[in-house]
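Enquirer: any chance you can model this:
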Amino acid sequence: MTVAENVAFGLRQAGASETEIETKTDEMLTLLAIGETRDSLPSELSGGQQQRVELARQLVRECDVMLLDDPLADLDYKLQKRMELEMRRIHEELGSTFVYVTHNQDQALKLADKLVVVNQGLIEQVGTPDEVYAEPATAFVGRFVGDSNPLLGSVTDVDGTTLTVDTPVGDVTAVTRDEGVEPGAEVVVLVRPESVRLGDAAEGCDNTFVGSVRGRTYTGEVTEFTVSLREGGAEVEDFQSVTSGNVPMEAVQSRTTVGWDADEGVAYAKLSVSDTVTVDDLMEV
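Expert: Prediction:
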């Protein structure tokens with residue numbers, strides 16, 4: 001079938017008139033910027049064009065609920081960005097519910113009104129992208145969504161929601177969202193890389209340690225540093241720090257102070273809604 005015939009297939013199955021089919025098909029092809037491929041066969045299309053034909057074939061039906069399984073996975077970077085904008089616009093225009101299944105967390109955070117984090121068939125958390133990223137319900141969510149630095153330790157003191165945790169690199173002060181955490185409990189402290197400061201910026205933080213800078217990566221938007229934390233004979237490797245902009249290696253000494261505040265680290269006694277998730281799983285993610 002041609003592109004137009006593919007897009008019209010669902011409408012024709014639903015019994016739409018030929019006039020309606022022609023009108024809606026042309027509108028959808030124009031919306032997805034593939035109008036010039038109307039009479040083309042699949043073998044004549046690029047991968048990105050084929051992906052957009054598939055989207056058009058589903059979206060033209062204007063269903064109340066649509067299941068989209070990684071619809072942008074096969075597109076190149078620039079086309080993905082363009083289609084993300086188009087997906088938002090189409091969603092607003094149609095007013096339908098899109099169930100968007102993806103492993104691409106960047107797309108999930110950008111496109112979703114509501115996120116559902118699923119682990120082995122069980123729902124770990126439901127919330128807005130802001131809620132899921134900033135307030136993970138379990139240690140699994142905190143490790144799975146976005147990047148985080150884990151520290152395993154034992155609670156030595158509890159002051160309301162503030163805990164003191166004995167970790168391999170020393171005492172860490174962190175907050176907890178779990179109820180009933182008592183001294184002696186094993187917890188995983190998670191710290192987002194963007195909360196970790198280096199050098200002079202770390203001075204005065206609630207938690208400070210000596211670290212050795214192992215590597216630097218500039219992504220075009222942020223600079224990522226990898227450091228190792230040391231205390232006595234213990235060492236925690238691959239601790240991540242992210243800073244906006246292009247920060248040269250010379251700006252951070254090879255041996256530097258690493259710090260973050262107490263409310264920027266969250267201690268989890270609750271690992272997951274699944275009984276199969278272990279501490280080792282979370283430390284290795």
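
Enquirer: which parts of the stretch 51-200 of the chain are helices?
Expert: Here the stretch 51-200 of the chain has its helices, by DSSP state H, counting those that start in this stretch, at 77-94, 105-111, 129-134, 139-144.

Enquirer: the first one packs against which elements?
Expert: Contacting helix 77-94 under the criterion 3 or more Cβ pairs under 8 Å, 6 or more residues apart in numbering; DSSP states H and E are the following elements: helix 47-59, helix 105-111. Every residue, glycine included, has its C-beta placed from N, CA and C.

Enquirer: nearest to residue 278, of these?
Expert: Counting by Cβ to Cβ, residue 278 lies closest to helix 105-111 out of those; the figure is 22.4 Å.

Enquirer: contacts for that closest one, please.
Expert: 72, 80, 84, 87-88, 100, 102, 115, 129, 133, 145-146 (Cβ atoms under 8 Å, 6 or more residues apart in numbering).

Enquirer: out of the residues you listed, which is most surrounded?
Expert: Highest neighbour count within those, by other Cβ atoms under 10 Å: residue 72, with 23 neighbours.

Enquirer: about what we covered before: return the most buried member of the helices of the stretch 51-200 of the chain.
Expert: Among the helices of the stretch 51-200 of the chain, helix 139-144 has the highest mean neighbour count (mean count of other Cβ atoms under 10 Å), at a mean of 24.

Enquirer: and the helices of the stretch 51-200 of the chain as CSV, adding distance to residue 178 and mean pLDDT?
Expert: Listed next are these as CSV, based on distance: least, Cβ to Cβ, whole Å; pLDDT from 0 to 100:
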stretch, distance to residue 178, mean pLDDT
helix 77-94, 35, 83
helix 105-111, 24, 92
helix 129-134, 16, 96
helix 139-144, 10, 95
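
Enquirer: mind checking what secondary structure residue 276 has?
Expert: When classified by DSSP: H, G, I helix; E, B strand; the rest coil, residue 276 comes out as coil.

Enquirer: just confirm it contacts residue 122, I think it does.
Expert: No: the pair residue 276 / residue 122 is not scored as a contact, 9.7 Å apart, by Cβ atoms under 8 Å.

Enquirer: show me which of these two is the more surrounded one.
Expert: The residue with more neighbours, out of residue 276 and residue 122, is residue 122; 14 against 10, by other Cβ under 10 Å.

Enquirer: what sits against that one?
Expert: Going by Cβ under 8 Å, 6+ apart, residue 122 touches 273-274.

Enquirer: which residues does it bridge with?
Expert: residue 119 (DSSP bridges).

Enquirer: also the one 5 residues further on?
Expert: When bridges are called by DSSP bridges, residue 127 pairs up with residue 115.
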